[in-house]
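**Q** predicted model and sequence follow; I will ask about them next.
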Protein chains: 2
Amino acid sequence: MTPRLIEVRANILKENDVLARQLRQRFKRAGVCVVSFVSSPGSGKTTFLEKLMGRMAARHRIAALVGDLATENDAARLRRACPQVRQITTGTACHLDAKMVAAALEGWVLEELDYLFIENVGNLVCPSSYDLGEQMRVVLLSATEGEDKPLKYPTIFNTADVAMITKMDLAVAAEFDLEAARRSILTVRPGMRIVEVSAKTGAGMAETVAMVEGLRVRAQAGC
Amino acid sequence: MTPRLIEVRANILKENDVLARQLRQRFKRAGVCVVSFVSSPGSGKTTFLEKLMGRMAARHRIAALVGDLATENDAARLRRACPQVRQITTGTACHLDAKMVAAALEGWVLEELDYLFIENVGNLVCPSSYDLGEQMRVVLLSATEGEDKPLKYPTIFNTADVAMITKMDLAVAAEFDLEAARRSILTVRPGMRIVEVSAKTGAGMAETVAMVEGLRVRAQAGC
């Protein structure tokens, strides 16, 4: 890593932070709650989000943005739960940034939304540096990935507000040690809220809906 | 993304390519076969590698380098199979590069090795741009990750020589569609060799050992 790259990167991050702050103010003014989701590829973000949106769609006005390097697969899946979904394809970029989010919102009336969900590119490293203007960032860790991931990727857990352990239905088959995983998360981020879920069985989904709805209630008039 | 970052990044990649070429020549002169492994976090690289090294250690002289942002956990695990293991901790970097590999080899006599295994940082995006001087790059995809990952992360599959589907023992529990996964891989990279393994049951491990040993045989006097 050359000092020049660090300098250029620092400027880009600064530019992103400025734009993310503007987005956050815009979301606040519009009264829309923005929750982002980040994890390894294959941790179950899309399936989880599809189920979450399915449970919330009858009571709330919801939209979603979903990031991937290639394909529109995830947007197509999320549209089964709610029609207002846009795919962001990043090409070679390993994360979303505030500029991509702002561009993807073009034409949407934020005032007509209660919730905006953002699914980041599957990556436990790069997304941690990019504020997207969200109110809550959720990091997902699946029961099949191994208990020490938080210790190996501490920054992403440190920049998230909530940790979600997904695919709990596979915990026994994968010989997943829940207590060890909880210890890893709490070592990296003491006091972090941890929710255990299975999109397949529905376990933990009601708690998640309550958590997301609580975010809006706490902020009273909008987030 | 500003043009300036692209320019700086192009220079860094060029620098890496030059160093990787030198490493490749050095490995060839020393007669050491170098195989690298890349995947999402939690696809089972370390468990797989521990089992592979365990099977090969009696007949071959083996060493390994293992990359993570933080912790020495993986090096400690791999040392159960073979003592000559070094951890590369990258801090915030989302991939290994040729410079890190060269630095980690310091003091090792490559001529005394038959195989060097390199486990990259868990990431399906960033490692694809960095040649490490390896002879063979293996991309791992676990049965719990979902069948469409090759379509979503095409570059990493395009820069690898072999695809390995891991955790096949969990395929039924995860409702994994093997044929769909194979189709995804072959769409991105027609003709790619695909090996299905389970480090837990041992399925596919003999085939993998034969493949790695074949690499060395084919190259006759060294790789």
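**A** Structure's in. What do you need?

**Q** can you check what angle separates the helix or strand of chain A with the lowest mean pLDDT from helix B:3-30?
**A** Every helix and strand in chain A was compared by mean pLDDT, DSSP states H and E; the lowest is helix A:3-30, with a mean of 87. Using axes from the mean of the first three to the mean of the last three C-alpha atoms, to 10 degrees, the inter-axis angle of helix A:3-30 relative to helix B:3-30 is 130 degrees.

**Q** beyond helix A:3-30, next helix or strand please.
**A** strand A:33-38 (DSSP states H and E).

**Q** and the most centrally placed residue in chain A, bridged to which residues?
**A** Centroid-nearest residue in chain A, with C-alpha atoms, centre = their mean: A:Phe37, separated by 1.0 Å. According to DSSP bridges, the residues that bridge with A:Phe37 are A:Glu119, A:Val138.

**Q** that one contacts A:Val138, doesn't it?
**A** Yes: here A:Phe37 reaches A:Val138: they are 5.1 Å apart, a contact under C-beta atoms under 8 Å. Bear in mind the C-beta positions are built from the backbone N, C-alpha and C, glycine included.

**Q** low-confidence bits of chain A, can you list those?
**A** A:1-5, A:219-223 (pLDDT under 70).

**Q** quick one: the strands in it, in order.
**A** For chain A, applying DSSP state E gives strands covering A:33-38, A:62-68, A:85-89, A:115-119, A:136-142, A:162-166, A:193-196.

**Q** in contact with the closest residue to A:Gly42 other than its chain neighbours, which residues?
**A** Leaving out its chain neighbours, the residue that sits closest to A:Gly42 by C-beta to C-beta, 6 or more residues apart in numbering or on different chains is B:Glu145, at 2.7 Å. Contacts for B:Glu145 (C-beta atoms under 8 Å, 6 or more residues apart in numbering or on different chains) come out as A:Pro41, A:Gly42, B:Ser40, B:Ser43.

**Q** quick one: the last one and B:Val138 touch, right?
**A** This points to B:Ser43. No: look at B:Ser43 against B:Val138 with C-beta under 8 Å: they stay out of range, at 11.1 Å.

**Q** neighbour count: the two, which is higher?
**A** B:Ser43 (31 against 24; other C-beta atoms under 10 Å in any protein chain shown).

**Q** show me which residues of stretch A:96-106 are buried.
**A** Buried residues in stretch A:96-106, counted by 16 or more other C-beta atoms under 10 Å in any protein chain shown: A:Leu96, A:Asp97, A:Ala98, A:Lys99, A:Met100, A:Val101, A:Ala102, A:Ala104, A:Leu105.

**Q** touching chain B at all, it?
**A** No: using C-beta under 8 Å from any C-beta of the partner chain, stretch A:96-106 never reaches chain B; the gap is at least 8.8 Å.

**Q** contacts for that stretch, please.
**A** For stretch A:96-106, using C-beta under 8 Å, 6+ apart, the contacting residues are A:16-17, A:19-20, A:23, A:65, A:67, A:86, A:88, A:90, A:118, A:120-121, A:127, A:130-133.

**Q** which members of the residues you listed additionally contact chain B?
**A** Counting by C-beta under 8 Å from any C-beta, the members of these near chain B are A:Val121.

**Q** now the contacts of stretch A:96-106: which count as buried?
**A** A:16, A:19-20, A:23, A:65, A:67, A:86, A:88, A:90, A:118, A:120-121, A:127, A:130-133.

**Q** right, and the pair among the buried residues of stretch A:96-106 with maximum separation?
**A** Maximum pairwise distance in those, criterion C-beta to C-beta, is 13.4 Å, between A:Asp97 and A:Leu105.

**Q** isn't A:Met56 up against A:Ile62?
**A** Yes: distance between A:Met56 and A:Ile62: 5.9 Å, which falls inside the contact criterion (C-beta under 8 Å).

**Q** what separation do you get for A:Leu78 and B:Gly67?
**A** Counting by C-beta to C-beta, to the nearest Å, the gap from A:Leu78 to B:Gly67 is 33 Å.

**Q** same deal with A:Met205?
**A** Distance from A:Met205 to B:Gly67, by C-beta to C-beta: 36 Å.

**Q** what do you get for A:Gly44?
**A** A:Gly44 is 25 Å from B:Gly67, by C-beta to C-beta.

**Q** the more surrounded of A:Met56 and A:Ile62?
**A** A:Ile62 (23 against 20).

**Q** tell me what the more buried one is bridged to.
**A** A:Tyr115.

**Q** of the contacts of B:Glu145, grab the buried ones for ChimeraX.
**A** To isolate the buried members of the contacts of B:Glu145 in ChimeraX, using 16+ other C-beta under 10 Å:
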select /A:41,42 /B:40,43
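
**Q** tabulate the contacts of B:Glu145 (TSV), appending distance to B:Pro190.
**A** Below are the contacts of B:Glu145 laid out as TSV (distance: C-beta to C-beta, whole Å):
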residue	distance to B:Pro190
A:Pro41	22
A:Gly42	23
B:Ser40	23
B:Ser43	23
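
**Q** thinking again about what came up before, which strands or helices does the least confident helix or strand of chain A pack on?
**A** strand A:33-38, helix A:98-104, helix B:3-30 (3 or more C-beta pairs under 8 Å, 6 or more residues apart in numbering or on different chains; DSSP states H and E).

**Q** how does it look with 6 Å?
**A** Contact partners of helix A:3-30 among helices and strands, from 3 or more C-beta pairs under 6 Å, 6 or more residues apart in numbering or on different chains; DSSP states H and E: helix A:98-104, helix B:3-30.

**Q** which of those helices sits closest to B:Ala181?
**A** Across the helices and strands packed on helix A:3-30, B:Ala181 has its closest neighbour in helix A:98-104 (28.6 Å, C-beta to C-beta).

**Q** return the distance of that closest one from the chain's centre.
**A** Between the centre of helix A:98-104 and the centre of its host chain there is 15 Å, according to C-alpha atoms, centre = their mean, to the nearest Å.

**Q** CA atoms of that helix as PDB?
**A** The C-alpha trace of helix A:98-104 is given here as PDB (Å, rounded to 0.1, in the frame of the first residue of the first chain):
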ATOM      1  CA  ALA A  98     -23.500   6.600  -0.700                       C
ATOM      2  CA  LYS A  99     -23.300   7.800  -4.300                       C
ATOM      3  CA  MET A 100     -24.700   4.500  -5.600                       C
ATOM      4  CA  VAL A 101     -27.600   4.700  -3.100                       C
ATOM      5  CA  ALA A 102     -28.400   8.300  -4.000                       C
ATOM      6  CA  ALA A 103     -28.500   7.400  -7.700                       C
ATOM      7  CA  ALA A 104     -30.600   4.400  -7.200                       C
END
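
**Q** now the least confident helix or strand of chain A: buried residues?
**A** Neighbour count says helix A:3-30 has A:Val8, A:Ile12, A:Asn16, A:Leu19, A:Ala20, A:Leu23, A:Arg24, A:Phe27, A:Lys28, A:Ala30 buried, by 16+ other C-beta under 10 Å.
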